[in-house]
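Asker: sequence and predicted structure below; questions after.
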Amino acid sequence: MEKHEERSYDPASQKMIKKAIDEDIKIVWDRYDAQKPQCGFGELGICCRICNMGPCRIDPFGEGTEEGVCGASKDTIVARNLVRMIASGAAAHSDHGRDIAHTLLMAAKGEAHDYHLKATDKLARTARIYGIDTKGKLTEKIGEELGEKCLSEFGQQHGELRLIGLAPKKRQEIWRKLGIVPRGIDREIVEIMHRTHMGVDNDYKNIINHGMRAALGDGWGGSMIATELSDILFGAPEPIRATVNLGVLKEDYVNIVVHGHEPTLSDVVTEAVKDPELLSLAKKYGAKGINLAGMCCTANEILMRHGIPSAGNFLQQELAILTGAVELMMVDVQCIMPALSSAANCFHTKLVTTSPKCKFPGVEHIELKEEKALEIAKNIIRLGVENYKKRVKERVSIPKEIKGLVAGFTTENVFRILGGKYRFTVRPLNDAIISGRLRGAAGVVGCCNPNIRHDWAHVSMVKELLKNDVLVVQTGCSAIACAKEGLLTPESAFEYAGAGLREVCEAVGIPPVLHVGSCVDNSRILLILSAVVAEGGLGEDISDLPVAGAAPEWMSEKAISIGFYFVASGVYTIFGTPHPVLGSPNVTNYITNELENIVGGKFAFEEDPIKAAHMMIKHIDLKRKALKLGPAIHQHKKTPALKT
Ligand code: BF8
Ligand code: SF4
């Protein structure tokens with residue numbers, strides 16, 4: 001295999017990586033190689049620079065220093081570092097949720113005219129969950145009350161987050177007994193920072209238990225608020241066909257790429273690109289029109305609501321610029337590589353930052369102000385159109401690869417699709433699992449990372465699960481990876497799904513892999529699991545379900561927070577490369593073993609995606625057995641016996 005093929009499984013990406021190699025442009029894989037060998041202390045989680053008596057490090061071989069200057073053990077140091085990752089990940093998701101709540105409130109108060117409360121049904125339903133009396137009230141009034149309630153949950157000091165009440169009763173009781181129901185979203189994050197300050201909590205189990213509390217505040221709080229309020233504000237997604245991969249960029253068009261996470265501006269951009277004045281300006285400069293594409297999770301947001309194509313996932317952000325065909329890349333927050341400015345400098349691409357939280361030195365910053373969002377969006381698009389003049393035709397090379405997909409599945413529409421028009425229910429899903437046509441379900445989510453061949457682990461794992469009659473739900477970069485392989489179409493069931501899964505997909509008309517959105521939309525998976533429990537016949541708690549989760553190519557601290565809220569919700573969750581915990585056998589054992597008896601879920605680390613898929617299948621089978629269900633009816637004969 002040549003270098004560009006080793007780096008990515010995706011042929012479109014391979015072409016751009018090859019171009020980078022040929023033109024000697026350094027990209028993420030080169031920077032990764034330059035870091036090798038990566039710091040062993042960091043990898044094992046046993047370095048501490050929390051106070052100025054340090055930095056300290058523990059000798060992993062037990063031959064040197066066993067404790068920090070303050071006496072902190074490797075268990076304390078590893079646990080503290082780990083939960084600080086949760087704090088950062090939960091903060092990122094939750095701050096996103098806060099921003100959406102803020103925009104919703106402005107829209108409801110009539111202070112942001114470019115936004116509207118689109119999903120009024122969902123608004124009323126969510127308001128009722130928050131105890132708001134909706135009777136006889138105007139939509140705007142309900143929106144205002146809901147916006148205020150949600151915003152208040154970030155700084156709430158006592159009580160419980162409201163959305164916790166959507167979890168199965170048994171699950172809520174487990175959390176209450178352990179004292180890990182989040183009181184306020186910010187409060188639990190701040191408490192992580194306090195507990196991990198020098199000289200506070202040094203009981204690794206106590207530290208991690210609080211980490212779970214903050215992570216639950218992300219999954220059942222900040223992220224869930226982001227999802228629910230985004231649906232209300234930008235429209236509840238419905239299954240929609242779209243396209244994905246670098247081939248969505250168009251040679252004769254002005255190409256605008258929106259990258260980041262929060263849909264607040266990108267959703268308005270979908271309107272701005274239709275502006276007749278901007279379109280005629282584009283034509284004046286010789287372009288056929290304006291082509292909008294997304295990147296990372298802001299792409300997922302506008303993909304599932306408007307069918308805007310996705311140019312790719314995390315590791316493709318520089319590659320999009322390398323096509324030489326991107327006039328403008330507009331970024332908001334999260335997963336935006338600082339390297340983008342140098343990539344843009346190698347081409348004519350204009351990079352524009354839009355969030356006060358994310359600026360780049362020397363890069364033009366045009367800040368989103370909700371009061372005049374559309375005007376700002378148009379100004380940004382205009383810069384892109386103007387920049388078309390600077391495109392160097394000879395440097396343009398857009399890979400041809402493009403694939404169709406269906407996106408836009410949500411908790412609500414899964415109910416409708418499965419239950420039919422008049423009966424909202426997930427019953428057919430439960431029945432399919434009970435009868436054994438479906439063996440179980442798996443969530444495969446998360447990032448991509450140059451430490452593993454791009455997209456390969458996602459695609460290999462998902463194919464293996466499908467073959468074994470496991471229905472897959474996906475979000476984030478993982479969904480895009482599999483979409484590029486064509487797995488997110490109803491037709492793919494014929495090629496990849498086992499006989500049982502294929503029957504279910506055919507009967508209901510769904511793909512075997514359901515794209516449920518961006519990373520904050522992992523909260524949709526929590527709600528689907530809760531709905532399956534509520535439907536009956538599969539136990540009383542999420543931890544009873546024959547399901548498993550995985551993040552085979554993870555890189556971000558958000559992935560750690562997501563992993564912890566799934567585990568703390570009772571889901572067995574596999575990460576590809578390990579968390580930075582192996583320096584403490586105690587912490588490793590706690591999160592990969594003991595936690596199961598405490599919260600019903602636990603972690604496993606397995607880099608081989610096929611092995612990991614079979615670990616998930618084995619777990620699914622154990623849960624089936626515990627529920628006294630028979631084996632899956634079309635159980636794949638060649639499934640190897642598993643060693644534990
Ligand atoms: O939030 S999957 S690389 S883009 S962190 Fe980032 Fe990871 Fe992608 Fe979306 Ni999620
Ligand atoms: Fe070292 Fe303890 Fe300070 Fe960490 S908190 S840097 S282990 S002295």
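Answerer: Noted; the coordinates are in hand. Numbers count the residues shown, from 1 in each chain. Ligands and ions are numbered 1, 2, ... in the order given.
Asker: need the contact list for Ala550.
Answerer: Residues in contact with Ala550, defined by Cβ atoms under 8 Å, 6 or more residues apart in numbering, are 442-446, 461, 573-576, 612-613, 616. Quick note: C-beta positions are derived from backbone N, CA and C, even for glycine.
Asker: pick the one among the residues you listed closest to Glu2.
Answerer: The closest of these to Glu2 turns out to be Gly576 (Cβ to Cβ; 23.5 Å).
Asker: okay, now that closest one: neighbour count?
Answerer: Per other Cβ atoms under 10 Å, the neighbour tally for Gly576 reads 24.
Asker: now the closest residue to it other than its chain neighbours. Its backbone dihedrals?
Answerer: Among residues not flanking Gly576 along the chain, Pro552 sits closest, at 4.2 Å (Cβ to Cβ, 6 or more residues apart in numbering). Backbone torsions for Pro552, taken as degrees, to the nearest 10, come to phi -70, psi -20.
Asker: from what I can see Pro552 touches Val444, true?
Answerer: Yes. Contact status for Pro552 versus Val444: in contact at 6.9 Å, counting by Cβ atoms under 8 Å.
Asker: tell me where the model's unsure across the chain.
Answerer: Applying pLDDT under 70 to the predicted model, the residue ranges of the chain that meet it are 420-422, 635-644.
Asker: near ligand 1, which residues of it?
Answerer: Within the chain, the residues that sit near ligand 1 (Cβ under 6 Å from any ligand atom) are 261, 296-297, 313-314, 335, 446-447, 476-477, 518-519, 556, 558-559.
Asker: okay, and which of the residues you listed map to helices?
Answerer: Using DSSP state H, the members of the residues of the chain next to ligand 1 that fall in helices are 296-297, 476-477, 558-559.
Asker: nearest to Lys372, of these?
Answerer: After measuring those against Lys372 - Cβ to Cβ - the closest member comes out as Cys297, at 24.6 Å.
Asker: got a list of what the closest one touches?
Answerer: If you count contacts by Cβ under 8 Å, 6+ apart, then Cys297 has 260-261, 334-335, 476-477, 518-520 around it.
Asker: equivalent analysis for Glu367, please.
Answerer: Listed by Cβ under 8 Å, 6+ apart, the contact set of Glu367 reads 354-356, 376.
Asker: neighbour-wise, which one of the residues you listed leads?
Answerer: Counting by other Cβ under 10 Å, Thr354 has the largest number of neighbours within these, with 27 neighbours.
Asker: if I look at that one, how far off is ligand 1?
Answerer: When Cβ to the nearest ligand atom, to the nearest Å is the yardstick, Thr354 and ligand 1 sit 16 Å from each other.
Asker: if we can go back for a sec, overlap of the contact sets of Pro552 and Val444?
Answerer: When contacts are counted by Cβ under 8 Å, 6+ apart, Pro552 and Val444 are jointly contacted by 458, 461, 478.
Asker: now do the helices in the stretch 151-300 of the chain.
Answerer: 169-178, 185-195, 204-217, 223-234, 263-272, 276-284, 296-306 (DSSP state H, counting those that start in this stretch).
Asker: distance to ligand 2 for these - can I get that in a markdown table?
Answerer: A markdown table is the format used below for these (distance: least, Cβ to the nearest ligand atom, whole Å):
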| stretch | distance to ligand 2 |
| --- | --- |
| helix 169-178 | 27 |
| helix 185-195 | 12 |
| helix 204-217 | 13 |
| helix 223-234 | 30 |
| helix 263-272 | 38 |
| helix 276-284 | 54 |
| helix 296-306 | 34 |
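Asker: and those helices: which comes nearest Val385?
Answerer: Put simply, out of these the one that sits nearest Val385 is helix 276-284, at 4.9 Å, with distance taken as Cβ to Cβ.
Asker: contacts only, for the spatially most central residue of the chain.
Answerer: With the centre of the chain defined as its mean C-alpha position, the nearest residue by Cα atoms, centre = their mean is Cys519, 2.0 Å away. For Cys519, the contacting residues are 93, 223, 261, 297, 445-446, 475-476, 558, 562, by Cβ under 8 Å, 6+ apart.
Asker: how about Ile562?
Answerer: Under the contact definition (Cβ under 8 Å, 6+ apart), the residues listed for Ile562 are 89, 215, 218-219, 445-446, 519, 522, 551.
Asker: try 7 Å this time
Answerer: Under the criterion of Cβ atoms under 7 Å, 6 or more residues apart in numbering, the contact list for Ile562 reads 219, 445, 519, 522.
Asker: with distance to ligand 2 as extra columns, can I get the residues you listed in TSV?
Answerer: Putting the contacts of Ile562 into TSV (distance: Cβ to the nearest ligand atom, whole Å) gives the following:
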residue	distance to ligand 2
Gly219	29
Val445	32
Cys519	31
Asn522	32
